[in-house]
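Novice: Fold the following.
(chains A, B, C and D)
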Protein chains: 2
Amino acid sequence: MSKATIDDVARLAGVSIKTVSRVVNREQNVRESTRDRVQRAISELNYRPNLSARNLASLRSHLIVLVYDDPSAYEIPSGGYVIRMQQGVLRACGAADYELLIHPCNYRNRNATDKLHALIDQVRPDGIVLAAPLSNMPRIVKAIADKGTPMVRLSPGKENGGQFTVVTNDREVCAEMTRYLVSLGHKRIAYVTGHPRHKAINNRFQGYKDGLKQSGLPFSEDLVIAGDNSFNSGEAGGDSLLSQENPPTAIFTANDDMAAGVIRAADRRGIDIPGQLSVAGFDDIALARQIYPSLTTIRQPLSQMAEVAAEALISDPGDGSKLKGTSVVPAQLMIRESTGPAPGD
Amino acid sequence: MSKATIDDVARLAGVSIKTVSRVVNREQNVRESTRDRVQRAISELNYRPNLSARNLASLRSHLIVLVYDDPSAYEIPSGGYVIRMQQGVLRACGAADYELLIHPCNYRNRNATDKLHALIDQVRPDGIVLAAPLSNMPRIVKAIADKGTPMVRLSPGKENGGQFTVVTNDREVCAEMTRYLVSLGHKRIAYVTGHPRHKAINNRFQGYKDGLKQSGLPFSEDLVIAGDNSFNSGEAGGDSLLSQENPPTAIFTANDDMAAGVIRAADRRGIDIPGQLSVAGFDDIALARQIYPSLTTIRQPLSQMAEVAAEALISDPGDGSKLKGTSVVPAQLMIRESTGPAPGD
DNA sequence: GTGAAAGCGCTAACAC
DNA sequence: GTGTTAGCGCTTTCAC
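Specialist: Okay, the predicted model is just below:
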C-alpha cells in the first residue's frame, strides 16, 4: 500500500522536497552525506515517484510508445516480429526506468492518424519507436512528426526519411547469403521473390543479384520466380523451379514461409535436402528451427534495432542531438542444415 | 502541435473549466445546449485531456497493465500467446479510451515482485490483467493484491484464487475432443501428457480421462506417454506408441508441438494420417495450419479472455463490484485434416 | 445547472 | 549545496 510521496521522504530525511527531487533525478550539487540520508529514507519508505506527477510537472514523461502494424489485421498474426521488437524496447526501458506503451496501428483505417494524434496528446510520450512498414509510410511518419514528438524509425534497408532511422543491411546480407551458396559450389542459384509491396523485399532481391555479380555468376530470369510471401507460393515456386530441365541446386527465398514451401515441394519429389538441393530463407521464424532439415536463413536484429531506437530516445537530452542520421545494425546469417555442398562438388 | 488545454476549451465555449470537465467525463447535469457548445469547442481545438493531469487529480489513470511471463526467458519466444492477449486487452482499451502498458515479468528473478510494486506505484494503473502461468503463482498474485490494485487473473482450468478470474474450460474441451475421436470410431486413443509444472496440463489429462469415461471406454496406462511439451518428446512418444503390438488409432497430445512430433514419427514409419492414425493437439499454434496434414486441435480463446478481463477492470466503478467470481470463455475444437474415421470403421 | 477554489505530486526557476 | 515558490492540467468539493 506504499503511497509515500516526496513530502514523506523529505520529512524523514530532514531535507526539502527539492533535495529529494535532486537525488531521485541524479542531479549534481547534492552533498554525499545528504544524498545518502535521502537514499535511506527512500528505501525505508519504499518511495517511487508518481509518473503522472512527474510527467505533468516536467517535459519528460518516462514513457515510450512502440507503434507497429496492427497484427489483428492479418489472418495469422505474425507475433514473432512484434514480440522481438517489444523485447528490445523493454530492455532499453528497463535500464532507464521507463515504461512501454504499445500502439498497434492499422494504417488501412482512415482514422489511424487521428488515433496517433490522440495518443500523443494524451500521454505525451518522450518518444515513439515506429516499426516497418509504417516507418516507410509518409502519411504515418508525418502524423507523428507534426506533433513534434521525437521518433525513431525502424527500417529494413537504408532509406532515411529525415528522422533518425535504425536500419539493417538487408541487401548486403542477402548478397552475403548468395556468396555463401556460391562458396558451397552452387552455380545455379534460384530466387523466389516476395510480395513487392514491402520495400524490404526489393532490397533482398537486389542483394541476391549483387551476390551473383560479386561472385562472377550470371543473373538469369529463368531462375527467378515471383512469390507472395506465403507458404503456398513457395511450394508452387519450388515446383516450378524443380521441374525445369536443368533445375537449380540452390533456392534462396525472400522469406522463411516460402522456403518452407520449397522444402515441401522438394520433399514430395523425393529430392534430398541438402544433398541434392540447398534451401535458404529470410526471417528466422520459429519454424525455421523446427522443420527438418532445419532452415538456413537470415535473422534480422529486430530486438537490437528496437533497443537502439529506444535508447536513443531515452538518452536524447531533448534537443534531438541523439536523433540524427542512421544507425545500422547488421543482420546475421543463420547457417543450419538446409544448405550444403552442391551435388557433385 | 495541438496543446489545447481545458482552459482553452472553456474560454472558447464561454463556460468554466468544470463544465468542460463534466462534458468530457459524460457527467449528468449539463444543459443540452451547453454540452453542444462545449463539444464544438473541443473538436475545433482538437482538445484531448492530458492523461497525466487526469491521473494526478483523480483516482482513475485510464491505464491498464498486462502482466505476463517474460518470453525472453525462453529460447524460442512463444509470441503467439502474448500477441493474442495483447490484442484482446487492446480491443477493450480502444473501446474505452484506455491505454495499455505491457509488463513482461520474469518470475524466476528474485526482484520480480519489486518490479511489479515499482510499476504499480509509478503508474497507478486502473487495473492489471495477469496472465497464466503467473496468475497461478501465489507470490505474484499476492504482490499485486498487496498493493490493492484491481486485478483479473487469466487462467486455464477452473481454479480461482480469490480474485476475479477469467477461465477457459480446458478439462471439458479435452473431454469433448476425446468424445469426438470416439465418435469417429476410435477405440484405442492414446494420450501424450505435457510438462507437469503447468496446472493446465493436468486439467487436459483429466479431460482426456473424463472423455473416455463418458464414452464408456476404459482408461489404460499403456496408452499414456509422458512428454515435456517439446516437439522431440512428442516424436519419441509417438515412436513408442506406434511400436506397440496393438498400436492406438488415435493420439491426443497436451499441446501442438508434441502433436507435430507425433505426426513426424508416423510419417517416418509410413503411417498415413488420418487414414491409419488420427492426431489431435492443443493450442492451435500457427504451425497447426501449416503442416501437412493440418492439425486438428483446440484453440484457447486467449484474446477473448483478455478482453473480458480488461473490460471488467475498465467498467468496474472502483468498488470491485464487477470483479467477482469467475467468468468462463469456452475453448474451441478446430477440426482439420489430421483426424478422421478409425481404420476399418 | 454551473462555477470558484483547492490540491493531486512533482519539477522549474530562482533565491539564498 | 539547499530551500521556496509557483505552477503543470486536470478533478474534487462545495457554494451558488
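Novice: what number of residues lie near the residue in the stretch 101-250 of chain A that chain B sits nearest to?
Specialist: When scored by CB to the nearest CB, the stretch 101-250 of chain A has A:D121 as its residue closest to chain B, at 3.9 Å. Backbone N, C-alpha and C define where each C-beta goes, glycine included. A:D121 has 20 neighbours, counted by other CB atoms under 10 Å in any protein chain shown.
Novice: which ones are touching it?
Specialist: Applying CB atoms under 8 Å, 6 or more residues apart in numbering or on different chains to A:D121 gives the contacts A:K147, B:S2, B:K3, B:N46, B:R48, B:N50.
Novice: Compare those residues and tell me which has the most neighbours.
Specialist: B:N50 (20 neighbours).
Novice: shouldn't that residue be in contact with A:L56?
Specialist: Yes: contact criterion CB atoms under 8 Å: B:N50 and A:L56 qualify, at 7.3 Å.
Novice: Which parts of the stretch 1-150 of chain A are helices?
Specialist: Ranges of helices within the stretch 1-150 of chain A are A:6-13, A:17-24, A:32-45, A:51-57, A:79-96, A:112-123, A:138-147, based on DSSP state H, counting those that start in this stretch.
Novice: from those helices, which stretch is densest packed?
Specialist: helix A:79-96 (a mean of 22; mean count of other CB atoms under 10 Å in any protein chain shown).
Novice: Briefly note if that one comes near DNA strand C.
Specialist: No: using CB under 7 Å from any atom of the strand, helix A:79-96 stays clear of DNA strand C, with a minimum separation of 13.8 Å.
Novice: can you list contacts of that helix?
Specialist: A:64, A:66, A:68, A:71, A:98-100, A:102, A:129, A:131, A:154, A:285-286, A:302-311, A:314-315, B:71-72, B:77, B:79-80, B:82-84, B:102, B:104.
Novice: Let's see which of those residues end up in strands.
Specialist: Residues of these located in strands (DSSP state E): A:I64, A:L66, A:Y68, A:E99, A:L100, A:I102, A:V129, A:L154, B:I102, B:P104.
Novice: In TSV, list the residues you listed along with pLDDT.
Specialist: Below are the ones in strands among the contacts of helix A:79-96 laid out as TSV (pLDDT from 0 to 100):
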residue	pLDDT
A:I64	96
A:L66	97
A:Y68	95
A:E99	94
A:L100	96
A:I102	96
A:V129	97
A:L154	94
B:I102	96
B:P104	95
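Novice: Quick one: buried ones out of the residues you listed?
Specialist: By neighbour count, with 16 or more other CB atoms under 10 Å in any protein chain shown, the ones in strands among the contacts of helix A:79-96 hold A:I64, A:L66, A:Y68, A:E99, A:L100, A:I102, A:V129, A:L154, B:I102, B:P104 as buried.
Novice: Including distance to DNA strand D, could the residues you listed go into JSON lines?
Specialist: What follows is these, written out as JSON lines (distance: CB to the nearest atom of the strand, whole Å):
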{"residue": "A:I64", "distance to DNA strand D": "20"}
{"residue": "A:L66", "distance to DNA strand D": "24"}
{"residue": "A:Y68", "distance to DNA strand D": "27"}
{"residue": "A:E99", "distance to DNA strand D": "19"}
{"residue": "A:L100", "distance to DNA strand D": "23"}
{"residue": "A:I102", "distance to DNA strand D": "23"}
{"residue": "A:V129", "distance to DNA strand D": "25"}
{"residue": "A:L154", "distance to DNA strand D": "30"}
{"residue": "B:I102", "distance to DNA strand D": "25"}
{"residue": "B:P104", "distance to DNA strand D": "31"}
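Novice: ok, and does stretch A:124-140 reach over to DNA strand C?
Specialist: No: Stretch A:124-140 lies apart from DNA strand C when judged by CB under 7 Å from any atom of the strand; the minimum separation is 12.1 Å.
Novice: Please save the CA atoms from that stretch in CSV.
Specialist: Output in CSV follows, covering the C-alpha atoms of stretch A:124-140 (Å, rounded to 0.1, in the frame of the first residue of the first chain):
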residue,chain,number,x,y,z
ARG,A,124,2.9,12.9,-24.2
PRO,A,125,5.4,10.1,-24.6
ASP,A,126,9.1,11.0,-24.6
GLY,A,127,9.5,9.2,-27.8
ILE,A,128,8.0,6.9,-30.4
VAL,A,129,9.6,3.9,-31.9
LEU,A,130,8.0,3.4,-35.3
ALA,A,131,8.3,-0.1,-36.9
ALA,A,132,8.2,-1.1,-40.5
PRO,A,133,6.3,-1.0,-42.7
LEU,A,134,4.7,2.0,-41.0
SER,A,135,8.1,3.6,-40.8
ASN,A,136,8.1,3.9,-44.6
MET,A,137,4.7,5.4,-44.9
PRO,A,138,4.9,9.2,-45.3
ARG,A,139,1.4,9.7,-44.0
ILE,A,140,2.2,7.9,-40.7
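Novice: List the buried residues of it.
Specialist: Those would be A:124-137, A:140, for stretch A:124-140 by 16+ other CB under 10 Å.
Novice: quick one: the strands in the stretch 151-300 of chain A?
Specialist: Using DSSP state E, counting those that start in this stretch, the strands of the stretch 151-300 of chain A run over A:151-156, A:165-168, A:189-193, A:224-226, A:250-253, A:278-280, A:297-299.
Novice: chain center to the first one, what's the gap?
Specialist: Computed by CA atoms, centre = their mean, to the nearest Å, the separation of strand A:151-156 from the middle of its chain amounts to 8 Å.
Novice: Helix A:138-147 and that strand, what's the angle between them?
Specialist: Relative orientation of strand A:151-156 versus helix A:138-147 (axes from the mean of the first three to the mean of the last three CA atoms, to 10 degrees): 160 degrees.
Novice: who does strand A:151-156 touch, helix- and strand-wise?
Specialist: strand A:127-130, helix A:138-147, strand A:165-168, helix A:199-214, helix A:302-315 (3 or more CB pairs under 8 Å, 6 or more residues apart in numbering or on different chains; DSSP states H and E).
Novice: Let me see the contact set for the residue nearest the centre of chain A.
Specialist: The centroid of chain A falls nearest to A:L302 when counting by CA atoms, centre = their mean (2.9 Å). By CB under 8 Å, 6+ apart, the contact list for A:L302 reads A:Y81, A:R84, A:M85, A:G88, A:L154.
Novice: Kindly report the residues of chain A close to DNA strand D.
Specialist: A:14-19, A:22, A:29-31, A:33-35, A:53, A:56-57.
Novice: Give me the distance between A:N169 and DNA strand D.
Specialist: 42 Å (CB to the nearest atom of the strand, to the nearest Å).
Novice: what about that residue, neighbour count?
Specialist: With other CB under 10 Å as criterion, A:N169 counts 20.
Novice: Got phi/psi on it?
Specialist: Main-chain torsions, A:N169, degrees, to the nearest 10: phi -100, psi 50.
Novice: For the stretch 101-250 of chain A, give the residue positioned nearest to DNA strand C.
Specialist: A:D126 (12.1 Å; CB to the nearest atom of the strand).
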